[in-house]
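> Below are the sequence and a predicted model for it; my questions follow.
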Amino acid sequence: MKNIFEIAASCLHSADVKEKLRLTHQARFYLEQGELSFNNSCAVADIACVKFPAQPEWLAPRFVPKRKLTAPGGVAAFFHAIAHIEFVAIYLAWDILYRFRGLPDEFYQDWLRIADEEAQHFELICQHMADLGMAYGDLPAHGGLWELAQATADDLLARLALVPRCMEARGLDVTPGLISKFEKLQDTASIAVLERILTDEVGHVERGSYWFRWVCTQQDKAPEDSYRNLLLAYYEGGKPKGPFNREMRIIAGFSASELDWLEAAL
């Protein structure tokens, strides 16, 4: 039997991109074959031990150059940014299952499946970028997503609120509009990539919502109050800006009152 936490440590503590992808897919295979152990006896290393590849260069968000889709190289640059989000999302899925122990096996199974789907997204985008003459690492990227992981390394409830139920949920809001832009450009290849990612991300956010509520129940906390309080405590400006895709967020586990609060002015 292979151990999920040992595989997670290998994925998180190595900067080798190809090996990370291979191990992620292999772990999903072990899971589906019933060959994966959830014995959590191995120690948890500090989040500072997590390693990323040397490229792309990470910059503060305000220093990452922005290009319009219609500008030369604009589509390739757009997908490089999306590739980086999906690549960091592999780490986020592995880190949440590695760092937080003593939870039901289903928690670890869910986040392993999510890690595998994020790896599939990354590979799909990299192939699309290759067709556009670009490779991952050719442009700088920002580390905002991972900064949230570092800030919530000791707080599972905050991690669930801020990563799947905030940053990843943002994709549900903006991706339909991005697909519309590519429809105007008649770029069917780009549309196919974005539609695949959007379909999977609804499920990822839903799992975040499910486990957020589960942890709240275990801690005897009210989920909606906890969500609001965590965003107010951690999120710059108190909460993310809209507009919000109510239909998709409802499917992904948000309550109507949560959405009403997000849409209301502070």
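Perfect, I can see it now. Numbering: from 1, shown residues only.
> how about the strands of the protein, start to end?
Counting by DSSP state E, the chain has strands at residues 2-3, 36-37, 58-59, 141-142.
> Include mean pLDDT and mean neighbour count when you put those strands into JSON lines, please.
C-beta: built from backbone N, CA, C; applies to glycine. Shown next, in JSON lines, are the strands of the chain (pLDDT from 0 to 100; neighbours: other CB atoms under 10 Å):
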{"stretch": "strand 2-3", "mean pLDDT": "95", "mean neighbour count": "16"}
{"stretch": "strand 36-37", "mean pLDDT": "96", "mean neighbour count": "17"}
{"stretch": "strand 58-59", "mean pLDDT": "90", "mean neighbour count": "15"}
{"stretch": "strand 141-142", "mean pLDDT": "92", "mean neighbour count": "21"}
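> Ser226 is nearest to which of those?
Closest of the strands of the chain to Ser226 is strand 141-142, at 28.0 Å (criterion: CB to CB).
> Adding distance to Ala233 as columns, could you present the strands of the chain in TSV?
Converted to TSV, these look like this (distance: least, CB to CB, whole Å):
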stretch	distance to Ala233
strand 2-3	35
strand 36-37	35
strand 58-59	25
strand 141-142	22
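> ok, now how distant is the residue lying closest to Ala119 once chain neighbours are set aside from Asp187?
Nearest residue to Ala119, sequence neighbours excluded (CB to CB, 6 or more residues apart in numbering): Thr24, at 4.5 Å. Distance of Thr24 to Asp187, computed by CB to CB, to the nearest Å: 29 Å.
> Show me which of those two is the more surrounded one.
Thr24 (24 against 16; other CB atoms under 10 Å).
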